[in-house]
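Novice: okay, structure incoming, though there's no sequence with it:
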């Protein structure tokens with residue numbers, strides 16, 4: 001059995017899209033998995049097109065992301081209409097065009113992703129490889145490197161390894177055999193000292209005040225916990241706090257909310273057993289904003305103007321404790337019942 005799946009005839013179809021007369025831009029919502037995947041696709045394209053760049057739609061401010069950019073020398077620019085005008089064709093990794101408003105305005109010829117698919121908003125591209133059963137896009141791109149017989153250099157291998165490590169939370173989150181195989185394969189080529197240095201860059205000194213707010217405003221919500229930290233300078237701190245709470249033994253799932261500029265940002269994290277957080281986020285907040293994600297991690301964003309002056313902290317709390325807007329999926333019902341039986345046995 002091959003170490004990875006054989007990609008023909010799809011691989012040939014992908015390569016046929018590349019022309020030495022065209023300039024390509026890879027557009028991402030930058031996080032470790034997205035940046036690593038973009039580096040891999042850039043490596044595949046670099047000798048097959050006139051030029052290839054990487055652009056991000058979000059602001060990069062998380063310490064681990066900044067460390068990754070600095071230590072792995074990732075060449076990126078902010079995605080703007082001016083930047084887009086310099087390129088002929090566009091590709092996307094670790095996202096789908098409807099995931100972020102900043103992705104609009106161009107047609108994506110190539111899309112690689114591992115996130116859940118949407119029947120309402122299907123991905124339209126000349127070539128697409130969408131694998132929602134994969135835990136990471138980095139593993140998907142490693143398959144393409146392997147099939148093309150491209151041995152990843154130290155920086156690329158380190159990036160892909162970190163992408164897998166972060167998106168699977170060191171394989172504590174949902175993943176598949178391909179993620180594990182990719183991790184083992186890349187380990188032979190990566191710089192592990194550099195990987196460790198990037199992984200340790202988790203917090204910023206000014207974020208400690210937000211942690212203080214979180215610890216003093218922890219509320220019980222059903223079988224989970226809810227925290228509202230107020231206004232934040234950067235929504236990434238909400239993700240960091242939510243990830244922290246998943247390491248507390250008694251907390252099965254946690255919701256951390258805050259206000260960034262004119263938007264209410266709500267981060268969901270958990271074990272995926274008691275509650276499917278992707279479904280939960282969509283059911284409770286999808287009617288007034290963008291919401292969704294995986295079983296163990298999700299996000300919702302609501303424009304403040306839709307709250308019509310309501311108390312933000314109480315608004316989120318009431319939404320979290322209110323009955324879902326529709327009957328939960330049967331699979332989530334089964335998981336909740338199984339978790340309840342386990343607790344009774346304990």
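Specialist: That came through, no problem. These numbers come from a predicted model, not from an experiment.
Novice: worst mean pLDDT across the helices and strands of this structure, which element?
Specialist: Counting by mean pLDDT, DSSP states H and E, the chain has its least confident helix or strand at helix 330-345, which shows a mean of 43.
Novice: does residue 266 touch residue 313 like I think?
Specialist: No. Using Cβ atoms under 8 Å, residue 266 is not in contact with residue 313, being 11.4 Å away. Where you see a C-beta, it was placed from the backbone N, CA and C, and this is true even at glycine.
Novice: more crowded one of the two?
Specialist: residue 266 (26 against 18; other Cβ atoms under 10 Å).
Novice: hey, where'd the helices end up in the stretch 201-346 of the chain?
Specialist: For the stretch 201-346 of the chain, the helices defined by DSSP state H, counting those that start in this stretch cover 208-216, 236-245, 277-285, 312-321, 330-345.
Novice: list the buried residues in the fourth one.
Specialist: Right, the one you point to is helix 312-321. 312-313, 315-317, 319-320 (16 or more other Cβ atoms under 10 Å).
Novice: TSV for the residues you listed, including distance to residue 219 and pLDDT?
Specialist: Shown next, in TSV, are these (distance: Cβ to Cβ, whole Å; pLDDT from 0 to 100):
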residue	distance to residue 219	pLDDT
312	14	95
313	9	95
315	13	95
316	10	96
317	7	95
319	13	94
320	9	94
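Novice: need the residues you listed in TSV with distance to residue 44, can you?
Specialist: Listed next are the buried residues of helix 312-321 as TSV, based on distance: Cβ to Cβ, whole Å:
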residue	distance to residue 44
312	45
313	47
315	46
316	43
317	47
319	43
320	43
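Novice: which of those lies closest to residue 68?
Specialist: Of all the buried residues of helix 312-321, residue 316 has the smallest distance to residue 68: 31.1 Å, by Cβ to Cβ.
Novice: and the closest residue to that closest one other than its chain neighbours, what does it touch?
Specialist: Spatially, and ignoring its direct neighbours in sequence, residue 316 is nearest to residue 257 (4.8 Å; Cβ to Cβ, 6 or more residues apart in numbering). When contacts are counted by Cβ atoms under 8 Å, 6 or more residues apart in numbering, residue 257 is found next to 226-229, 238, 264-267, 312-313, 316.
Novice: assumed residue 196 was part of a strand.
Specialist: No. Using DSSP: H, G, I helix; E, B strand; the rest coil, the secondary structure at residue 196 is helix, not a strand.
Novice: what is the neighbour count of it?
Specialist: The local packing of residue 196 (other Cβ under 10 Å) involves 10 other residues.
Novice: gap between it and residue 304?
Specialist: Using Cβ to Cβ, to the nearest Å, residue 196 is found at 40 Å from residue 304.
Novice: strands of the stretch 1-150 of the chain, residue ranges please.
Specialist: Taking DSSP state E, counting those that start in this stretch to define them, one finds strands in the stretch 1-150 of the chain at 23-28, 51-56, 77-78, 89-93, 108-113, 127-130.
Novice: name the surrounding residues that touch the third one.
Specialist: Residues outside strand 77-78 that contact it (Cβ under 8 Å, 6+ apart) are 53-57, 83.
Novice: centre of the chain to that strand, how far?
Specialist: 19 Å (Cα atoms, centre = their mean, to the nearest Å).
Novice: repeat for the fifth one
Specialist: In this view, strand 108-113 has its centroid 16 Å away from the chain centroid, taken as Cα atoms, centre = their mean.
Novice: same for it, what does it pack against?
Specialist: Counting contacts by 3 or more Cβ pairs under 8 Å, 6 or more residues apart in numbering; DSSP states H and E, strand 108-113 packs against helix 32-45, strand 89-93, strand 127-130, helix 137-147.
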